[in-house]
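*Asks:* sequence? don't have it. structure:
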């Protein structure tokens, strides 16, 4: 059951319900539009704790890029990461309906990005029963490892604000999630977009953490089965882009397999781009 909409933002005391028990949480100082706290539907929540704690605050109005940027600037003190949330065509899925399976920051801590990607690389090649890895050239059946970090004159925060301004739309809503960093918001909110690729979101969040550290990536928009990241320091040579493309194939094979078809062609698409978008079938 989804909470009924409130006529105001939660009282100051209620913001604390977004944070794990025993964790100090902040409150946004920026005035907010009307909204509500969303509890996960019990049939999706995996733990008792996640059934009783709101997964997010969801605004009633269209997402506003300027408001997103102000809340983004407040994140270090509020502990609330802002998200632009797209809903499925009908029914407000998954945010309004609470079709969410929250995981914890500790769950994300358990995973190492390089190991996650290497395991997926091997797993996706094994069932094919073929030694043909031509679509993965210049790589082969062995995961090539983490790509080197990128460089940029702009900060991750500046690029995130730019991207939010670019993609905010009337069809999207504003969300706030209690998360220490943007990647963790994917797990904490209980997003299940890649469920056909990875049953749990925590290992995927661990990969995004690594992209935060190496490429200045930030989670800006989430949809039912889509994810959009700002990227401050993308690859600027084709060789570097091919290494990043290999990581993207482990994270979201559909980007390549149902897109350009090969890592080399996909690398051309992400070369120098300040945003990465993913979609899972």
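*Replies:* Happy to help now that I have it. These numbers were taken from a predicted model, which means no experiment stands behind them.
*Asks:* and residue 242, what does it touch?
*Replies:* 138, 139, 263, 264, 267 (CB atoms under 8 Å, 6 or more residues apart in numbering). Every C-beta, even on glycine, is put in place using the N, C-alpha and C of the backbone.
*Asks:* Which one of those residues is nearest to residue 229?
*Replies:* For the contacts of residue 242, the residue nearest residue 229 by CB to CB is residue 267; the value is 16.8 Å.
*Asks:* Now the closest one, what are its backbone angles?
*Replies:* phi -60, psi -40 (degrees, to the nearest 10).
*Asks:* do you know how far it is from residue 121?
*Replies:* Using CB to CB, to the nearest Å, residue 267 is found at 16 Å from residue 121.
*Asks:* For these two, indicate the residue with more neighbours.
*Replies:* Legend: neighbour count by other CB atoms under 10 Å for residue 267 and residue 121, higher for residue 267 (24 against 21).
*Asks:* what's the pLDDT at the more buried one?
*Replies:* On the pLDDT scale, residue 267 is placed at 98.
*Asks:* Please enumerate the helices of the stretch 51-200 of the chain.
*Replies:* 65-78, 105-109, 113-125, 156-167, 182-188 (DSSP state H, counting those that start in this stretch).
*Asks:* Tell me which of the ones you listed lies nearest to residue 52.
*Replies:* Taking CB to CB, helix 182-188 is the member of these nearest to residue 52, at 14.7 Å.
*Asks:* what's the burial count for the closest residue to residue 26 other than its chain neighbours?
*Replies:* Leaving aside its sequence neighbours, residue 26 sits nearest to residue 78 (CB to CB, 6 or more residues apart in numbering; 4.0 Å). Neighbourhood size, residue 78 [other CB under 10 Å]: 19.
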